[in-house]
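Peer 1: here is my input; please provide its structure:
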Amino acid sequence: MTDTADVKTQSIETHSALPMEETERLSSEIIAALKTVFDPEIPADIYELGLIYKVDIKDDRSVDVLMTLTTPNCPAAGELPTMVENAIASVPGVGIVNVSIVWEPQWTPDRMSDEARLVLNMW
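Peer 2: This is a model prediction of the structure:
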């Protein structure tokens, strides 16, 4: 079983063998770490942009991440997954981090949070 944080809605489902307090701490700290990663061309973090689709915390503390990019031609495509991996790996208690890029569903500006819309003046 795993803990899944559907990052768009920020809901956390606890089905892990890890104690609930630990999964909540890990989820919170992982989200905080994701908010430190910025697309070099956009002045908003990848979490608020809605580029993180799923964070799955496993019983062994490994973390699987499904993310996308704003476009398949994104110039930061080579570096963003590594930046995400490094940010999450810096969270105390996290094991191996696996980041996968997905293209379905396709990213659209609708996935951005109000915070990102404010930063990008997209009201």
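Peer 1: lowest average confidence, helix or strand, in this structure?
Peer 2: Every helix and strand in the chain was compared by mean pLDDT, DSSP states H and E; the lowest is strand 11-13, with a mean of 40.
Peer 1: mind giving me the packing neighbours of the helix or strand following that strand?
Peer 2: Downstream of strand 11-13, the next assigned helix or strand under DSSP states H and E is helix 20-34. With contacts taken as 3 or more C-beta pairs under 8 Å, 6 or more residues apart in numbering; DSSP states H and E, helix 20-34 sits against strand 2-6, strand 11-13, helix 46-49, strand 52-58, helix 80-89. The way it works is simple: take the backbone N, C-alpha and C, and place the C-beta from them, glycine included.
Peer 1: report the central residue of this structure.
Peer 2: By C-alpha atoms, centre = their mean, the chain has its centre lying nearest to residue 52, at 3.8 Å.
Peer 1: contacts only, for it.
Peer 2: For residue 52, the contact set (C-beta atoms under 8 Å, 6 or more residues apart in numbering) comprises 7, 34, 46, 65, 66, 67, 84.
Peer 1: for these, which one is nearest residue 122?
Peer 2: Compare each of the contacts of residue 52 with residue 122 using C-beta to C-beta and the shortest gap goes to residue 46, at 16.0 Å.
Peer 1: surely that closest one and residue 34 touch.
Peer 2: Yes - checked against C-beta atoms under 8 Å, the pair residue 46 and residue 34 is within contact range at 6.4 Å.
Peer 1: overlap in contacts, the two.
Peer 2: Taking C-beta under 8 Å, 6+ apart as the contact rule, residue 46 and residue 34 both touch 52, 84.
Peer 1: residue contacts, residue 25?
Peer 2: Contacts for residue 25 (C-beta under 8 Å, 6+ apart) come out as residue 93.
Peer 1: distance check, it against residue 61.
Peer 2: Counting by C-beta to C-beta, to the nearest Å, the gap between residue 25 and residue 61 amounts to 12 Å.
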